[in-house]
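Undergrad: Show me the folded form of this:
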Amino acid sequence: MGLDWNPMSRPLAGHEEEFARLFAELNAGSFSDDDPRLERFRAISEAPFTTLGAPRVGESPEADAWLQANLREGASLDEARAAMRGYYVLDLLPEHEGFPVYSNYGLYDGIDRYSFRAKFLDDVADVIGEALMERAYTHMLAPELRAYGDALYQRAQAFAREHGVEHVEGVREIEDDVGTPARRAHILFAAATWCRFWADRGHGLDPWF
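TA: Below is the predicted model:
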C-alpha cells in the first residue's frame, strides 16, 4: 500500500470550532457527496495552495507566461487563460519546507508539489514504532499534526545522535544511499519538518493511499 501526505484545508478565520466539529463528524463515519455537512465544511475551508501566495493565472504576468509556455501546440492562450483564471501556479514558487524532496509529484493524479511521499517512512518503521506508523495513515487537524511532527522530530534527533549523522538535519538533499543511517535520518527530519510547516500554518493532514 502506498502513502502520500497532502496538507488538509484549514478553517477560515472565525470558523475554527465549526470546522473542527464538522471534521470530527465527517471523519467518524461514511457520508455521501451531497451531504450538507460536507458542503458546509468546504464552504468554511481554505485550500493549502492559497496559503503560499503563488502567482495566479489571469492575475499575474508571471503566471500567464507559465501558462503560455505550457500550452499544447495550437491551443489558444486567451481560451486557456479564461478556463484557468485564478489557478495558483505552485511551480513558480521557490523551494521551501512545504515542498518536500520526498514526493511523487508529477507521477500520478492527486499529487501536488506539496505532497510528501510518506511511503518512505517504511524505511524507518523500526525507528518510529508501530503507533506512529499507524498514525501516518490517519486524518489529523493542525494541532494533532504538529504534535505528530514533534514526535517524529524527537525520534529523528535521537537516531541521528546515535549514528553520528546530525549533519543531515536541515539539509534539503543528500547523496547517501537508501538504507544508510544518514538517509534514514534525513527521511525522518524531512517528514517532521513537513508536518510542522503545514501545521504551523493551520493545516492538518489528508493522507492518500
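
Undergrad: biggest helix in the protein by residues?
TA: Using DSSP state H, we find that the single longest helix of the chain is helix 142-163.

Undergrad: residues in contact with it?
TA: 10, 124, 127-129, 132, 135, 140, 166, 168-169, 181-182, 184-185, 188-189, 191-196, 198-205 (CB atoms under 8 Å, 6 or more residues apart in numbering). Bear in mind the C-beta positions are built from the backbone N, C-alpha and C, glycine included.

Undergrad: try 6 Å
TA: Helix 142-163 is contacted from outside by 127-128, 166, 181, 185, 188-189, 191-192, 195-196, 199, 202-205, using CB atoms under 6 Å, 6 or more residues apart in numbering.

Undergrad: okay, now the domains of this structure?
TA: 9-92, 118-208 (automatic domain parsing).

Undergrad: okay, these in JSON lines with mean pLDDT, mean neighbour count and distance to Phe99 next?
TA: Formatted as JSON lines, these follow (pLDDT from 0 to 100; neighbours: other CB atoms under 10 Å; distance: least, CB to CB, whole Å):
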{"stretch": "domain 9-92", "mean pLDDT": "94", "mean neighbour count": "14", "distance to Phe99": "8"}
{"stretch": "domain 118-208", "mean pLDDT": "98", "mean neighbour count": "18", "distance to Phe99": "9"}
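
Undergrad: Which among those is found nearest to Leu3?
TA: If you check each of the domains of the chain against Leu3 by CB to CB, domain 118-208 wins as the nearest, at 4.4 Å.

Undergrad: can you give me the end-to-end distance of that closest one?
TA: 10 Å (CA to CA, to the nearest Å).

Undergrad: Off-centre distance for that domain?
TA: Centroid separation for domain 118-208 versus its chain: 13 Å, with CA atoms, centre = their mean, to the nearest Å.

Undergrad: do the same with stretch 80-99
TA: 15 Å.

Undergrad: now the helices for the protein?
TA: 16-28, 36-43, 61-69, 77-83, 125-135, 142-163, 181-199.

Undergrad: before we move on, back to that, nearest to Leu107, out of the contacts of helix 142-163: which one, please.
TA: When these are compared against Leu107 (criterion: CB to CB), the nearest one is Ala191, at 18.9 Å.
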